[in-house]
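**Q** can't give you the sequence, but here's the structure:
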């Protein structure tokens, strides 16, 4: 059993960013990273890939490129946590002890939670932007669509990038309009919420877009079944449980999501299965040696890379303060960002905190479609991610 001064579980956006920032803060720290994948993905660009506006190959790079110098990378996944003993067991059967643990293994896409979904994915008009393996199915489905009913769904669960299900809706509608097929097409957005967006500052602008472009909505419902051969779906009302069947020609599904099984089955989890942390300090509520951020945490904010960008420096500052026996004074205010692409060449940038208050970066109304924000999404943010955030510099 090897003792790791700081053990990080998960080498995605959160894990790499935290590792890089820790190395910048103190190059003497002994840091070990558990991550099984040899590939690293920039997932926000998958929206544009699915719409045929970006190259999928630009969203993936070797994981090894981003492991900070001096950090020990173990290509394995965590399979068990024992925070009382301060140990983690990995998929190679090795046991790791730690002084401090950072938990950020990401989120689980639960394709099997919707009967019939996995069997139809990539065929029968069913597609999804939510994985590297399936994103091309969205591009093909939009290109092959010749009219009819196009449905886009949002699950009744937590979801990474809560705006993504409607971004591909807008881009697909725009593409079909440009091809002259809009008059013979119906676009329907199905979501469990009560409105198109949960933050008041941005909702009216999105409601206006929905109305102007003739997009239909079915709120307070979620997808509960897919019959690909018949091109039908079942949707269920989130309160009454009433079910109905709807025919489709194109179906884009955002799958239900949960915390990874290893988290849900561990002592680290809250009653809903997420890592239980104090929402301002990111320290675990019951195990002070444990910190968490990102998609697997129970932080009540959007699960986005932009949120991690603000969480990481707070976690690093508080982890180092804890090691030094000092008060945890850094605070995360719940900031998250949702770049909402509304059509080719236009985007809104929603930024807000725990209380839904706008935390906008630019000195203009961001609740408006702008070409400049499109440039930010397509060209600037990917570079900021690869060369800044993952290097601990932004």
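**A** In hand now; what should we look at? Everything quoted here is computed from the prediction, not taken from an experiment. Numbering: from 1, shown residues only.
**Q** please count neighbours and contacts with C-alpha atoms only from this point.
**A** OK.
**Q** list the residues that contact the most centrally placed residue in the chain.
**A** Central residue check for the chain by C-alpha atoms, centre = their mean: the C-alpha nearest the mean position is that of residue 160, 2.6 Å away. Contact partners of residue 160, counting by C-alpha atoms under 8 Å, 6 or more residues apart in numbering, are 107, 295, 302, 303, 304.
**Q** what residues are up against the first one?
**A** Residue 107 makes contact with 160, 257, 258, 259, 260, 295, 296 under the criterion C-alpha under 8 Å, 6+ apart.
**Q** please repeat the previous calculation with a cut-off of 7 Å.
**A** Contact analysis of residue 107 by C-alpha atoms under 7 Å, 6 or more residues apart in numbering lists 257, 258, 259, 260, 295, 296.
**Q** tell me the bridge partners for the residue nearest to the centre of the chain.
**A** residue 303 (DSSP bridges).
**Q** please report the distance of it from residue 96.
**A** Residue 160 sits 29 Å away from residue 96, going by C-alpha to C-alpha, to the nearest Å.
**Q** can you get me a residue count around the spatially closest residue to residue 109 that is not a sequence neighbour?
**A** Nearest non-adjacent residue to residue 109, counting by C-alpha to C-alpha, 6 or more residues apart in numbering: residue 257, 4.8 Å away. Counted by other C-alpha atoms under 10 Å, the residues lying close to residue 257 total 18.
**Q** confidence score at residue 257?
**A** pLDDT recorded at residue 257 is 98.
**Q** right, and residue 366 touches residue 347 too?
**A** No. With contact defined as C-alpha atoms under 7 Å, residue 366 does not count as touching residue 347 (9.0 Å).
**Q** these two: who's more crowded?
**A** Taking other C-alpha under 10 Å, residue 366 and residue 347 do not tie; residue 347 has more neighbours (24 against 20).
**Q** what kind of secondary structure is the residue nearest to that one when sequence neighbours are not counted in?
**A** In space, and not counting its chain neighbours, residue 347 is closest to residue 341: 4.2 Å by C-alpha to C-alpha, 6+ apart. Here residue 341 is strand, with the state taken from DSSP: H, G, I helix; E, B strand; the rest coil.
**Q** could you give the mean pLDDT of the one helix or strand residue 310 maps to?
**A** Following DSSP states H and E, one finds residue 310 within helix 305-324. Helix 305-324 shows a mean pLDDT of 97.
**Q** what residues does that helix touch?
**A** With contacts defined as C-alpha under 7 Å, 6+ apart, helix 305-324 is touched by 13-14, 17-18, 21-22, 281-282, 293-294, 327-332, 335-337, 389.
**Q** list the buried ones in it?
**A** For helix 305-324, burial by neighbour count (16 or more other C-alpha atoms under 10 Å) applies to 305-320, 322.
**Q** likewise stretch 361-368?
**A** Along stretch 361-368, these residues count as buried under the neighbour rule (16+ other C-alpha under 10 Å): 366, 367, 368.
**Q** same question for stretch 328-348.
**A** 328, 330-348.
**Q** can you pull out the helices in this structure?
**A** Secondary structure of the chain by DSSP state H: the helices cover 13-25, 46-50, 117-120, 135-144, 164-178, 203-212, 261-264, 305-324, 371-375, 381-387.
**Q** next, the angle helix 305-324 makes with the first one.
**A** What it means is helix 13-25. 50 degrees (axes from the mean of the first three to the mean of the last three C-alpha atoms, to 10 degrees).
**Q** residue 360 and residue 337, how far apart?
**A** For residue 360, the distance to residue 337 - C-alpha to C-alpha - is 9 Å.
**Q** check residue 197 too.
**A** According to C-alpha to C-alpha, residue 197 stands 13 Å off from residue 337.
**Q** next one: residue 386
**A** Distance, residue 386 to residue 337, using C-alpha to C-alpha: 18 Å.
**Q** for residue 133, same thing?
**A** In terms of C-alpha to C-alpha, residue 133 sits 25 Å off from residue 337.
**Q** same check, this time on residue 172
**A** Plainly put, residue 172 is 22 Å away from residue 337 if you go by C-alpha to C-alpha.
**Q** residue 100: neighbour count?
**A** 23.
**Q** can you start the count at 625 instead of 1 from here on
**A** Happy to do that; since the first residue is 625 now, the last one works out to residue 724.
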